[in-house]
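K.L.:
here is my input; please provide its structure:
(one chain, ligands or ions: 2)
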Amino acid sequence: MIQFNHVYKTYPGPTHALRDVSLEINKGEFIFLTGPSGAGKTTLFRMISGFDKPSSGDVRIAGYDLTRIKSSEIPYLRRKIGVVFQDFRLLKGRTVFENVALPLEIRGERPTQMRRRVEEVLEQVGLTYKSSQFPEQISGGEQQRVAIARALVHQPGVLIADEPTGNLDSALSEEIMDLLEKVNAQGTTVFVATHDMGLVKRRSKRMIEIRAGQVTIDQ
Ligand SMILES: Nc1ncnc2c1ncn2[C@@H]1O[C@H](COP(=O)(O)OP(=O)(O)OP(=O)(O)O)[C@@H](O)[C@H]1O
Ligand SMILES: [Mg+2]
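P.N.:
Ligands and ions are numbered 1, 2, ... in the order given. Got it, this is the predicted structure:
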């Protein structure tokens, strides 16, 4: 489902953000991606979501070969991936409902179907009662759940979450992790980047650690 084969990513400078990364993730897995700040976690996620390409090596995501993908195919790749960004990136002028509906609106979903699906996913993350609030009127944990709902609304096969608990206290972090585990139990492959080793140790899941762009642990 996700395959990296001897992947390098070099930014101008040069910064070697990824160096010889090989990894393989199967459908239905739950994986933590750990490593210090600047290790390359977001760079790796940007590739999975088709926002960036490798400098060399092969990346295959859900049947697409990133080195050969046509720009016209990228929207189709993105439909298979749900992304929770390191900062939530909610739109201030839109309600919770409208934020979650956005990916469906962009792809031209019919209003009745859109409403049904948004209600379903808001229920799944426990936010039905906040659907007409604006992002500034809800807590950080709730904003994070809106971001997760928006990433899930188009029913992607893979959910990648970049530091989804970065700004939350430990009780809320555990709640978000419980939610991500629930999403995984329903069949979505979940890949979570985090600095929080305590959180990783409390869940017995596969962990991939990268340091200075290289995979140092995969277990
Ligand atoms: N667009 C860019 N141009 C140049 N250098 C970049 C760019 N994006 C990231 N980098 C560099 O690549 C390296 C990896 O960055 P990345 O954001 O992937 O780290 P990270 O593991 O996500 O860190 P953090 O835990 O702080 O989010 C860093 O040295 C960073 O400065
Ligand atoms: Mg990052």
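K.L.:
residues of this protein that sit close to ligand 2?
P.N.:
Lys41, Thr42 (Cβ under 5 Å from the ion). Every residue, glycine included, has its C-beta placed from N, CA and C.
K.L.:
can you give me the helices for the chain?
P.N.:
41-48, 74-79, 96-106, 111-124, 140-152, 170-185, 197-201 (DSSP state H).
K.L.:
right, and those helices - which one's nearest Phe85?
P.N.:
Evaluated over the helices of the chain, closeness to Phe85 peaks at helix 140-152, with 7.0 Å, by Cβ to Cβ.
K.L.:
show me the contacts for Gly40.
P.N.:
By Cβ atoms under 8 Å, 6 or more residues apart in numbering, the residues touching Gly40 are Lys9, Ala17, Leu18, Val21, Ile210, Ala212, Gly213.
K.L.:
Ala17 too?
P.N.:
Here Ala17 is in contact with Lys9, Thr10, Tyr11, Gly40, Thr43, Gly213 (criterion: Cβ under 8 Å, 6+ apart).
K.L.:
bridging residues for the second one?
P.N.:
For Thr10, the beta-bridge assignment (DSSP bridges) gives partners His16.
K.L.:
columns distance to Phe191 and mean pLDDT on top of the helices of the chain, output as CSV?
P.N.:
Converted to CSV, those look like this (distance: least, Cβ to Cβ, whole Å; pLDDT from 0 to 100):
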stretch, distance to Phe191, mean pLDDT
helix 41-48, 7, 94
helix 74-79, 15, 89
helix 96-106, 19, 96
helix 111-124, 19, 96
helix 140-152, 12, 93
helix 170-185, 10, 92
helix 197-201, 13, 91
